[in-house]
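Peer 1: For reference, the sequence and a predicted model appear below.
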Amino acid sequence: MKAHLTRRYIFSASHRLHCYKLSEEQNRAVYGKCNNPHGHGHNYALEVTVSGQVDAKTGMICNLVELDETVQRELLERFDHVNLNLCPEFKAVVPTTENLSEAIFHILKQNFRAAHLEKVRLEETAMNSFEYAGDAELTP
Amino acid sequence: MVYLTRKCEFSASHYYHNPEFTEEENRRVFGKCANLNGHGHNYTLEVTVKGDVDPQTGFVVDLKELKEILNREVLEALDHRHLNKEVPEFVRQIPTTENLAIAIWNRLQGKLNVAKLHRVRVYEMPDLFVDFYGEA
């Protein structure tokens, strides 16, 4: 029997939305206050959804401790309490939450093999959230 | 493809009443929602759009623009209104949360330039919500 499991994590980081291909004025027009030179920060909430068959012996899709360890090592140590603009992942792309969702999905996909990674969901604020499922479409 | 969800809130009043039903049927089907003096809710609306991330801006959609569209097309028409008396969709239709989700979808459909509408979710109460994904 296939089931889905979602685990939630919190991290805090700063960023500035600024595209080097655009002029100062264009940057201000596109990104508004997110373009402020000194940046600003968010408490991000990350939801990781994995799926798989429920193991008959353990009753689990995967070991949560293993998922936690992977997220801690590969994501939280990388993105918690840092300036995202300085991370290698955002050298060439703007650290919008769209791009951060994609980066997180690809890092997890590479490093967590114990279950199928369905999607990541990232809340930037209580009012905005972003979901990315790789090449797959979200199903209702 | 990235999915973006924007949340907003509005408050409105309504009642459920079908003129084709007898008063007794209205009371039986709609319970206390049939009270013609109406009642109100704080609704939470979540609108999800989908699209590819623009390589230059890193955006699926400009959030500010989406907020303006939501304000103009939905909140100005519904917030602090009596749905039965002030919103054209509900002159003939009963303003259930189902019909409200469909009406909001129809108001937003075609108004987004870049991204595509994926889902409209309307919470009538924290423990009750309706999802509409458009006509299948």
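Peer 2: Received the coordinates, thanks. Numbering: from 1, shown residues only, chains lettered A, B, ... in the order given.
Peer 1: make it CA atoms for all contacts and neighbour counts henceforth
Peer 2: Will do.
Peer 1: Parallel or antiparallel, list what pairs with the helix or strand where residue A:6 lies.
Peer 2: Using DSSP states H and E, the element containing residue A:6 is strand A:2-15. The pairing partners recorded for strand A:2-15 under DSSP bridges are strand A:40-53 (antiparallel), strand A:82-83 (parallel).
Peer 1: Pull up the per-residue confidence for residue B:45.
Peer 2: At residue B:45, the model reports a pLDDT of 98.
Peer 1: now residue B:136
Peer 2: So, for residue B:136, pLDDT stands at 69.
Peer 1: Please convert the strands paired with strand A:2-15 to JSON lines, extending it with mean pLDDT, mean neighbour count and distance to residue A:133.
Peer 2: Output for the strands paired with strand A:2-15, formatted as JSON lines (pLDDT from 0 to 100; neighbours: other Cα atoms under 10 Å in any protein chain shown; distance: least, Cα to Cα, whole Å):
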{"stretch": "strand A:40-53", "mean pLDDT": "96", "mean neighbour count": "18", "distance to residue A:133": "9"}
{"stretch": "strand A:82-83", "mean pLDDT": "94", "mean neighbour count": "17", "distance to residue A:133": "25"}
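Peer 1: and the gap between the closest residue to residue A:47 other than its chain neighbours and residue A:106?
Peer 2: Closest residue to residue A:47 in three dimensions, ignoring its sequence neighbours and counting by Cα to Cα, 6 or more residues apart in numbering or on different chains: residue A:8, at 4.4 Å. Using Cα to Cα, to the nearest Å, residue A:8 is found at 17 Å from residue A:106.
Peer 1: follow-up on the earlier one: and the next element down the chain from the strand holding residue A:6?
Peer 2: Per DSSP H and E, the helix or strand that comes after strand A:2-15 is helix A:24-31.
Peer 1: what's the spacing between that following helix and its chain's center?
Peer 2: 25 Å (Cα atoms, centre = their mean, to the nearest Å).
Peer 1: in chain B, which spans are helices?
Peer 2: Ranges of helices in chain B, per DSSP state H, are B:23-30, B:63-70, B:76-78, B:83-86, B:97-108.
Peer 1: Mean neighbour count, distance to chain A and mean pLDDT for these - can I get that in TSV?
Peer 2: Formatted as TSV, the helices of chain B follow (neighbours: other Cα atoms under 10 Å in any protein chain shown; distance: least, Cα to the nearest Cα, whole Å; pLDDT from 0 to 100):
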stretch	mean neighbour count	distance to chain A	mean pLDDT
helix B:23-30	14	28	95
helix B:63-70	15	9	94
helix B:76-78	15	18	97
helix B:83-86	18	24	96
helix B:97-108	19	15	97
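Peer 1: possible to save those helices as JSON lines with distance to residue A:42?
Peer 2: Shown next, in JSON lines, are the helices of chain B (distance: least, Cα to Cα, whole Å):
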{"stretch": "helix B:23-30", "distance to residue A:42": "44"}
{"stretch": "helix B:63-70", "distance to residue A:42": "16"}
{"stretch": "helix B:76-78", "distance to residue A:42": "29"}
{"stretch": "helix B:83-86", "distance to residue A:42": "36"}
{"stretch": "helix B:97-108", "distance to residue A:42": "29"}
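Peer 1: pretty sure residue A:93 contacts residue A:100?
Peer 2: No - Residue A:93 lies out of contact with residue A:100 (Cα atoms under 8 Å); the separation is 9.6 Å.
Peer 1: mind listing what residue B:89 touches?
Peer 2: When contacts are counted by Cα atoms under 8 Å, 6 or more residues apart in numbering or on different chains, residue B:89 touches residue B:103.
Peer 1: How much space separates it from residue B:115?
Peer 2: Taking Cα to Cα, one finds residue B:89 at 25 Å from residue B:115.
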